[in-house]
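Asker: build me a model from this:
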Amino acid sequence: ARCGAVRVRAGAKGAIGPLQAELRSKKTSAEEVASAFLAKVDAVDSEVGAYLEVSRERALAAARAVDARLAAGEDPGPLAGVCIAVKDNLCTRGLATTAGSRILEGYQPPYDATAVARLEAAGAVVIGKTNMDEFGMGSTTEGSAFGSTKNPWDASRVPGGSSGGSAAAVAAGLCAAALGSDTGGSIRQPASFCGVVGLKPTYSRVSRHGLLAYASSLDVVGPLTTSVADAAALLEVMAGHDSNDATSSSVPVPAYSESVGAAAANDDSAPLKGKRYAIVKEALGEGVEAAVKEVILSAVSRLEALGATVDEVSLPTFELGLPAYYILAPSEASSNLARYDGMRYGARVEAEDLTGTYRATRAAGFGAEVKRRILTGTYALSAGYYDAYYKTAQQVRSVIKAEMSDALGTYDALLSPAAPTPAYKLGEKTSDPLAMYAGDLMTVNINLAGLPALVVPAGYTADGLPVGVQFVGDAFAEEKLFATAAAFEAAAAEDIAARSPAVYAAVAPPDPRVEAIVAGYKAEVGAFDLLAWVSG
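Answerer: Below you'll find the model as predicted:
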């Protein structure tokens, strides 16, 4: 797919670097790029369902502001003109922020989340809000109150969740990059299902201010992109201490993009020589589909070909993470979601008295999965059960964190799948919540330990479904993860780029609004193939 002269699905080079070169050489304009993405959304998103709201006026105004700064000889920022989508649990001033829930239908926050504000300050253009499982509670995006999102690789399958809308938007070329949130794998599993790059940063690396809370000790904001380089560029802008979030870290933010650039410039045939990695033994055990194992073992072979040593490490507490997570996360959710009572914001269902209004509002506003987790968490925190459930789960969490930290003292990164299967069929897990929870096996431990993890496309199943490999690093070691993943991505680029999502085959008619902009712009900078891009 094309956006002006810039490739959206650009493999190792990503979308951001080429776009910056095009803008600054005046071969294209930010308004033109935004208009092209908006036209693509109009043409294709009815098939995908990635967006809940498209912010056309906000996007075009932001793009024009970038163009004005460039025309004045100013630097609009490192993300100038980069069109991003934002998961609908991140606050956006003047745009509805619903977290995929009826209880917040129509709610417009008076401020932007810090992550969003920092990206816009760096020149990024927000083009819309993406679909998600309600309040982040789900792994398929079928839990949204506003309809399901389809996987761009196969419309009969889910994109993963809960950041499925963001992952699908990136995979389908409906934005250059997107923001998601990750509480137990909600960036990484959709990244694997949709064949894109997904980063869960270290807990506290990115401010949670403006993120609608699910489980506050686990929630993290991170990017979904077409390349490791783009993920590094977004994190470099978003990361850092925020006075609005007391849990945000003051650890200095490295120049992540430089690490990726150095890795990309390394023409050594063995760029990972001297690096030691370990595949988690339990991550290839029972319940992991053979097709996923095959792709991951192929990724291990590729790392070895790049000069790395890859061992096998056993983490005996690996399988304890899932039950611990499903005690701790619902417990925090039962407290965090108590604020949605119809009194201060969102929907309200009137009743005869205050208590009745609370009950009616929450009964009508929350979906089945959210109610299930609130009840589970309330039970775990109740008198007589706290020690048996919540306290024990916290103790397990401490052991998991210590075990993973110990392993990372020996290895540069740990490897695993991001999910035990490729993308599910739509409806496959909706009637069996426990089966859906089991899909989080590969990811929840990393949230419990607060560590960073990066998922990169690694290959395909025989059915052509993408599978990602997960690199797990030590706390605040994103720089090392980016360097490793960039080397892997470059080596795998030809194989990964050999296939494209099925949605790319869709034929989209030219948009007259785009044609008008093209006509005016061609007179200044010459022709380019925007209409060919809109046609697929």
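Asker: what's the burial count for K293?
Answerer: 16 (other CB atoms under 10 Å). All C-beta atoms are positioned from the backbone trio N, CA, C, and that covers glycine.
Asker: now name the helix or strand holding it.
Answerer: helix 290-305 (DSSP states H and E).
Asker: can you give the strand pairings for the following helix or strand past that helix, parallel or anti for each?
Answerer: Counting by DSSP H and E, the element after helix 290-305 in chain order, helix or strand, is strand 309-313. Sheet partners assigned to strand 309-313 using DSSP bridges are listed as strand 276-280 (parallel).
Asker: now the partner strand: average pLDDT?
Answerer: Regarding strand 276-280, the rounded mean pLDDT is 98.
Asker: got the contact list for that strand?
Answerer: 296, 300, 303, 308-315, 318, 407, 410-416, 471, 484 (CB atoms under 8 Å, 6 or more residues apart in numbering).
Asker: show the buried residues in those residues.
Answerer: By neighbour count, with 16 or more other CB atoms under 10 Å, the contacts of strand 276-280 hold 296, 300, 303, 308, 310, 313, 315, 318, 407, 411-416, 471, 484 as buried.
Asker: phi and psi next, for E31.
Answerer: Main-chain dihedrals, E31, degrees, to the nearest 10: phi -70, psi -40.
Asker: give me the number of residues near the nearest residue to it once chain neighbours are set aside?
Answerer: The spatial neighbour of E31 that comes closest, neighbours along the chain excluded (CB to CB, 6 or more residues apart in numbering), is A63 at 4.4 Å. Counted with other CB under 10 Å, the neighbours of A63 add up to 25.
Asker: and if you look at P78?
Answerer: Residue neighbour count, defined by other CB under 10 Å, stands at 16 for P78.
Asker: what's the helix or strand for T28?
Answerer: Going by DSSP H and E, T28 is not in any helix or strand.
Asker: all strands for the protein, in order.
Answerer: Counting by DSSP state E, the chain has strands at residues 2-3, 6-7, 51-54, 83-87, 125-130, 177-182, 197-200, 220-225, 276-280, 309-313, 413-417, 453-460, 466-472.
Asker: can you pull out the low-pLDDT segments for the stretch 401-536 of the chain?
Answerer: 504-536 (pLDDT under 70).
Asker: how about a cut-off of 50?
Answerer: By pLDDT under 50, the low-scoring segments of the stretch 401-536 of the chain are 507-511, 513-515, 517-536.
Asker: would you list the phi and psi of Q108?
Answerer: Dihedral angles of Q108 (phi, psi; degrees, to the nearest 10) stand at phi -120, psi 110.
Asker: mind checking pLDDT for it?
Answerer: For Q108, the predicted pLDDT is 96.
Asker: equivalent analysis for E22, please.
Answerer: According to the prediction, E22 has pLDDT 91.
Asker: thought it was touching T28?
Answerer: Yes: the pair E22 / T28 is scored as a contact, 4.6 Å apart, by CB atoms under 8 Å.
Asker: how many neighbours does A363 have?
Answerer: 10.
Asker: next up, the contacts around it.
Answerer: By CB under 8 Å, 6+ apart, A363 lies in contact with V349.
Asker: cheers, nothing more for now.
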